[in-house]
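Asks: got a predicted structure here, sequence first:
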Amino acid sequence: MEHNEFSGPFCNNHFEGQGIAIPGFQGGEAGFGSPSIVFGSHFENDFGDTLTPQGVGFIITGGQVTAMDQVFGTSTFSLNLPSNATFSVNAAANTITETLAGSTSTETILYSAESTNTSLYQVSQETTTIINPTTTTASGFTKGYAFTIANGQVTAMQEVFSNLTFNATENQQISPTTVFSVNGTTVTETSIHGNTIETTNFTQPTGSTLYAVASESSTVILPGTATTLLSVNPNDRVDFTIGTSGSVMQVQAVSSNGVVTTITPSSNVTFSQISPGFVQETATAGTNSFYTVFYQGSSTAPYTEIAHGVGTTVDLVGVKAQLAEIPASLLSLI
């Protein structure tokens, strides 16, 4: 669940004043996670095709970062080094950490070298930490979150806005691939969508009945050498009945509120079990084929879409390697 508290550093710092058009980047108030323009080693279109390879290159002199570039295929664009940025180079791990110190928050960006090109880096994690979390905005309004907690478990979540004349409470839909943990006055929300694990820590400021965002972190599961990219879609969930021979006998769509509807696939759509816990849907349109991969993280959960692409060939080994990077508490929800 994105809370869109902050805009990312690539929008506000690195590209500022560059006049660079970034494919697929809409600009504006990008919200949490806007460095996704360099997440992963490729762009991906709506069908899951991998497009132009892209990443970040660094010039390191005497163990210090002196310049950085954005790379799109054969094109390279120089990036700004923000005046409030400091860099730490870990040569052994082949990672670079950028820290952006602000007046109200600190952003930390971890760049990890690609497995196939160690001179090209990807943003593998971004964390924004609020210096003084509060439920009072700069305009004096109240903005915070309320949780319904039963037996130490979060069962509902609301976002609350109010001022002297206005009060609104909005129920927040909790994704099927979201898990909460409660520790005293701190609530941690962890979810996965696409290839990104998002973690938000909420804290209850002294004297407040609401919770404020204390930090947000986005961790990317990089594909490595996989040719099928992880892309979890929590809203595409299906129950499959698998026969003793491994064939798919029945398909039932599972809605966000748990309603199950039996569907009859059209003649150009087939379902097959490609490994225990993995079902591939293949659709054909003329001479073109498209696939969707569903995965069942536990025997009691529906299958969830975890990948899609063009053609019929799925890199199951690569998909499994990416799934192995997901914490067990989340993997069981998929």
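Replies: Arrived safely.
Asks: rest of the way, CA atoms for contacts and neighbours
Replies: OK.
Asks: where are the low-confidence patches of the stretch 1-150 of the chain?
Replies: In the prediction, the stretch 1-150 of the chain carries residues with pLDDT under 70 at positions 1-53.
Asks: what segments of it are strands?
Replies: Counting by DSSP state E, counting those that start in this stretch, the stretch 1-150 of the chain has these strands, from start to end: 42-44, 50-61, 64-72, 75-79, 85-90, 95-101, 105-113, 121-130, 142-150.
Asks: just checking, residue 71 touches residue 54?
Replies: Yes. Counting by Cα atoms under 8 Å, residue 54 is a contact partner of residue 71 at 5.1 Å.
Asks: tell me which of those two has more neighbours.
Replies: More neighbours surround residue 54 than the other of residue 71 and residue 54, with 23 against 19 (other Cα atoms under 10 Å).
Asks: beta-bridge partners for that one, please?
Replies: residue 72 (DSSP bridges).
Asks: ok, now residue 283?
Replies: The bridge-partner assignment for residue 283, based on DSSP bridges, gives residue 269, residue 290.
Asks: dump the residue contacts of it.
Replies: For residue 283, the contact set (Cα atoms under 8 Å, 6 or more residues apart in numbering) comprises 268, 269, 270, 289, 290, 291.
Asks: and these, which are buried?
Replies: Those of the contacts of residue 283 that meet the buried threshold are 289, 290, 291, by 16 or more other Cα atoms under 10 Å.
Asks: tabulate those residues (CSV), appending distance to residue 81 and pLDDT.
Replies: Compiled in CSV, these are given as follows (distance: Cα to Cα, whole Å; pLDDT from 0 to 100):
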residue, distance to residue 81, pLDDT
289, 44, 97
290, 41, 97
291, 41, 97
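Asks: quick check, nearest of those residues to residue 233?
Replies: residue 291 (14.0 Å; Cα to Cα).
Asks: so the closest one touches residue 308, yeah?
Replies: Yes. Contact status for residue 291 versus residue 308: in contact at 5.5 Å, counting by Cα under 8 Å.
Asks: got the contact list for residue 271?
Replies: If a contact means Cα under 8 Å, 6+ apart, then residue 271 has 248, 279, 280, 281, 282 as its contacts.
Asks: for residue 132, see how far away it is.
Replies: Taking Cα to Cα, to the nearest Å as the measure, residue 271 and residue 132 are separated by 51 Å.
Asks: residues in contact with the spatially most central residue of the chain?
Replies: Centroid-nearest residue in the chain, with Cα atoms, centre = their mean: residue 196, separated by 2.5 Å. When contacts are counted by Cα under 8 Å, 6+ apart, residue 196 touches 218, 219, 220, 221.
Asks: equivalent analysis for residue 68, please.
Replies: For residue 68, the contacting residues are 56, 57, 58, 59, 78, 79, 80, 81, by Cα under 8 Å, 6+ apart.
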